[in-house]
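**Student:** please work out how this folds:
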Amino acid sequence: MHPLTTRPRPLARRRVRALAALTAVAALTLTACSDDAAPSSEEGPEGQAIAEGVDVMGQWPLTGLPADTEAPRHPVMVVKIDNTSSSSPQLGLAKADLVAEEMVEGGVTRLAVFYYSQTPQQVGPVRSMRATDIGIVQPAGASLVASGGAPPTVRRVADAGIKTFTEGAAGYVREAGRAAPYNLMMNLPRLARTLKAPQPPAGYLPWGSADEFPQGQKATKVAATFSASHTTNWQYRGGRYDNLNSFAAQGDRFRPDTLLVLRVPVGDAGYRDPAGNPVPETKFTGKGEAMVFHKGRLVRATWEKPGLDARLSLSTKAGELKIPAGKVWMELVPANTGNVTFSK
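**Tutor:** Alright, predicted model coming up:
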């Protein structure tokens, strides 16, 4: 069964606007037209896009959490967000469903932030796309929200069939008080109102129950080193993981239930940035070492992804490994130059 299914909502719940002066025949005609029209989306509490016309039952695809509510009438949206001190404060992370951290030129990292169940009014700073994003975005059938991209990257992303929304699309705004290029923000409800999705995506990760997750070994502190220029440090406390290097405001941080650390091959994207630095490309396909941190403990596994558009699978010697439902931060740490350490 698909993680999320859709069903028509009863006609009594649909909003049909009719003028009081219409005749009964005209009202029936309007109702018929309303049934044929695509349901609209409006902005609800806390900037969340509220869908009309369908319910969802089952499981949220990006968290594995139970879902029995209105389905978003937009695809998953992945926003590329800067992850350097120049981005401070990052906005909108707390309402994300899932985050992937990838290495870019200069050894620093950038975030691919997934939004589906919530669409905050202000997200950013939005930065440019990379070829690495193809393997991250495709399995979710997601749209990519990025400021732009180098011509070779733009071509590859387009050839992969990924719909992109670059500066100038609905929802973009430059925030006063920040220096360019770190002042480009996105109003996701505004963009979401322009998008439609035929059906919810499949589960992004192999979701399971926390009760069935292996006990593993104790590990409450984690350091994911991408390069000599950047290490992301984590501390398990209060039932979740705190990013000790976060550039988000204290009340707007993404605090995952699980850290999924994947050792991935990183190569050359084939071009240089304006400063002359070679641009790396994470090859998010194949197989490699995985480390799953949950509830202050570590389980080692092997990850496998047979194609850029394929879903990720995890396994141990005991068989398939499933991720406990909840929010996940995925670290794509270079297998050849990075390192991962942990302590009790």
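
**Student:** check contacts around residue 258.
**Tutor:** 241, 292-294, 323-324, 326-329 (Cβ atoms under 8 Å, 6 or more residues apart in numbering). Any C-beta I mention is one placed from the backbone N, CA and C, and that applies to glycine too.

**Student:** specify the beta-bridge partners of it.
**Tutor:** residue 294, residue 328 (DSSP bridges).

**Student:** where's it relative to residue 99, distance?
**Tutor:** Note on residue 258: its distance to residue 99, by Cβ to Cβ, to the nearest Å, is 11 Å.

**Student:** how about the CA coordinates for stretch 168-183, as CSV?
**Tutor:** Extracted C-alpha coordinates of stretch 168-183, given in CSV (Å, rounded to 0.1, in the frame of the first residue of the first chain):
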residue,chain,number,x,y,z
GLY,A,168,12.0,35.3,-10.1
ALA,A,169,9.6,32.5,-9.4
ALA,A,170,6.6,33.1,-7.1
GLY,A,171,7.5,33.5,-3.5
TYR,A,172,11.0,34.9,-3.8
VAL,A,173,12.0,38.1,-2.0
ARG,A,174,15.2,39.9,-1.0
GLU,A,175,15.3,40.6,2.7
ALA,A,176,16.5,44.0,3.8
GLY,A,177,19.3,44.1,6.3
ARG,A,178,21.2,41.1,4.8
ALA,A,179,24.0,41.3,2.3
ALA,A,180,23.6,39.6,-1.1
PRO,A,181,23.7,36.8,-2.0
TYR,A,182,22.6,35.8,1.5
ASN,A,183,19.4,37.8,1.4
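
**Student:** so residue 94 sits in a helix?
**Tutor:** Yes - read with DSSP: H, G, I helix; E, B strand; the rest coil, residue 94 is one of the residues of a helix.

**Student:** ok, so of the contacts of residue 258, who is nearest residue 88?
**Tutor:** Nearest to residue 88, judged by Cβ to Cβ, of the contacts of residue 258 is residue 329 at 18.5 Å.

**Student:** and that closest one, how many neighbours?
**Tutor:** Each residue near residue 329 was counted by other Cβ atoms under 10 Å, and the total is 24.

**Student:** then residue 339?
**Tutor:** Residues near residue 339, counting by other Cβ under 10 Å, number 14.

**Student:** for the residue nearest to it when sequence neighbours are not counted, helix, strand, or coil?
**Tutor:** Using Cβ to Cβ, 6 or more residues apart in numbering and skipping the chain neighbours, the partner closest in space to residue 339 is residue 225 (4.3 Å). Assigned by three-state DSSP, the conformation of residue 225 is strand.
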